[in-house]
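Q: Output the structure for:
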Amino acid sequence: MFFIRTGEGIGSIQNLLPGVVSVSVLFGTTSMLAVTITFEKKNRSFDRLLLSPISLELLMLAKTSGAILFGIANAFVPILIASFLIDLSAATWSLIIPSIVLIAVSSTFLGLFIAVLVSEVFDAQTFSNFFKFPMLFLSGLFFPIERLPAFLRPISYALPLTYGADILKSGFNEASVIPRYVSFIMLTLFCLVLYMLSLRNIRRKWIA
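A: Below you'll find the model as predicted:
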């Protein structure tokens, strides 16, 4: 849709690719985890997993690894399609691949955080949209952050996807707004914080 809207032809694909890749990862991971975790919790099948002789941390990493891999696979679908239309030989894969992995991890843990807070699949999907759709417009995916109103920019920098998309842009030879090391640090912090908050809520609401 954005490709058609720009009217710039094939040349605009590379500019839109970081945003499309980010959206593919975000929607794939959060939607998958919000459904699976909430469904298992509602049907109490998750309770049986808690009886297994492994730590809760390892159990949740195992539960989320499928969504992470699914998000990474989703990311390469638009990249594969774009490779037939434009030349991606100049892309910096040493930046693109780590950023895709971190986006997938942070998005998965965001989905886990949402799934822990609700008890119904419908509620999980609705609540996840509260986070996902603002990210489409405030994370610099398709609209530069510097063009946003000044009062919205602090919100942009509080979203993990902002940093992942910025790294992807530099990987596809676009100008980045945030220093790369800052983006990597912030994405890692988001992953850790969301994971720890999810574990805390699981212990309080599911185990206690």
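Q: Hmm, Gly19 is touching Phe142, no?
A: Yes - judged on Cβ atoms under 8 Å, Gly19 makes contact with Phe142 at a distance of 4.8 Å. (Each C-beta comes from the backbone N, C-alpha and C, glycine too.)
Q: List the buried residues of the host helix or strand of Thr188.
A: Secondary structure from DSSP states H and E places Thr188 in helix 180-202. With burial defined by 16 or more other Cβ atoms under 10 Å, the residues of helix 180-202 counted as buried are Ser183, Phe184, Met186, Leu187, Phe190, Cys191, Leu194, Tyr195, Ser198, Leu199, Ile202.
Q: what's that helix packed up against?
A: helix 56-83, helix 93-117, helix 160-171 (3 or more Cβ pairs under 8 Å, 6 or more residues apart in numbering; DSSP states H and E).
Q: and Leu138, which of the ones you listed is closest to it?
A: Proximity to Leu138 (Cβ to Cβ) singles out helix 160-171 among the helices and strands packed on helix 180-202, at 7.5 Å.
Q: By mean pLDDT, point me to the weakest helix or strand of the chain.
A: In the chain, no helix or strand scores lower on mean pLDDT, DSSP states H and E than helix 2-6, which sits at a mean of 53.
Q: Any idea how far the helix or strand that comes right after that helix is from the middle of the chain?
A: Towards the C-terminus, the helix or strand next in line after helix 2-6, according to DSSP H and E, is helix 13-42. Centroid separation for helix 13-42 versus its chain: 6 Å, with Cα atoms, centre = their mean, to the nearest Å.
Q: before we move on, what about stretch 90-105?
A: On the basis of Cα atoms, centre = their mean, stretch 90-105 sits 12 Å off its chain's mean C-alpha point.
Q: Not counting that stretch itself, show me its contacts.
A: Under the contact criterion Cβ atoms under 8 Å, 6 or more residues apart in numbering, stretch 90-105 has outside partners 21-22, 25-26, 29, 67-69, 71-72, 75-76, 160-161, 164-165, 167-168, 170-173, 180, 183-184, 187-188, 191.
Q: how about a cut-off of 7 Å?
A: If you take Cβ atoms under 7 Å, 6 or more residues apart in numbering as the criterion, stretch 90-105 is touched by 21-22, 25, 29, 68, 71-72, 75, 161, 164, 167-168, 170-173, 187-188, 191.
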